[in-house]
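>>> Prediction below, plus the sequence it came from.
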Amino acid sequence: MTLNEKAIYLKGLAEGLDYDKTTPEGKLIAALIDLVGDMAKALSEIEDDIDYLNDYIEELDEDLGNVERYFYGPADENEDDEDEGCDDECYEIECPNCGETICFDSEDDPDDLTCPSCGEKLATLVEDEDEDGDEE
């Protein structure tokens with residue numbers, strides 16, 4: 001049942017009670033029922049506006065995707081992985097066995113590093129790179 005339907009149902013129930021609308025309590029009940037009806041109508045209009053805006057945003061998103069594809073070409077899934085790289089606080093090495101780029105931070109124990117792709121232990125490679133960095 002929608003909010004409008006519930007508001008109409010409440011109004012029908014109140015009218016079925018045959019309450020006196022001239023008493024202060026009756027006036028209050030009538031005003032509250034009118035308020036509920038007005039609020040239900042306003043919410044219904046807001047929901048319609050939201051649905052329209054959501055549809056409009058989806059159209060804009062599709063159009064923007066078309067523009068991006070026109071200017072930048074089709075998206076390549078492999079490009080996303082290469083663009084991510086490591087954070088500023090990470091070190092990046094290439095596995096000598098499989099060539100996969102591996103990111104790790106200074107908190108990782110170099111003796112325990114293994115390549116997630118091929119499983120090769122990378123401890124000696126990390127030590128060699130640290131020594132190369134010290135020489136510069």
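That came through, no problem.

>>> tell me what the helix or strand where Ile33 lies is packed against?
Following DSSP states H and E, the helix or strand that holds Ile33 is helix 24-72. Here helix 24-72 touches helix 3-17, going by 3 or more C-beta pairs under 8 Å, 6 or more residues apart in numbering; DSSP states H and E. Just so you know, the C-beta spots here come from the backbone N, C-alpha and C atoms, and that holds for glycine as well.

>>> I'd like the distance between Ile93 and Ser106.
Distance, Ile93 to Ser106, by C-beta to C-beta, to the nearest Å: 13 Å.

>>> which stretches of this structure have low pLDDT?
The chain contains residues with pLDDT under 70 at 76-88, 110, 123-136.

>>> hmm, back to that, chain center to the helix holding Ile33, what's the gap?
Mean-position distance between helix 24-72 and its chain equals 20 Å (C-alpha atoms, centre = their mean, to the nearest Å).

>>> wait, Leu3 sits on Ile46?
No: contact criterion C-beta atoms under 8 Å: Leu3 and Ile46 do not qualify, at 10.7 Å.

>>> Show me which of the two is the more surrounded one.
Comparing Leu3 with Ile46 by other C-beta atoms under 10 Å, the one with more neighbours is Leu3, at 16 against 10.

>>> ok, now which ones touch that one?
Residues near Leu3 by C-beta atoms under 8 Å, 6 or more residues apart in numbering: 39-40, 43-44.

>>> at 10 Å instead, please
Leu3 makes contact with 36-37, 39-44, 47 under the criterion C-beta atoms under 10 Å, 6 or more residues apart in numbering.

>>> same check, this time on Asp34
7, 11.

>>> For Leu10, see how far away it is.
In terms of C-beta to C-beta, Asp34 sits 11 Å off from Leu10.
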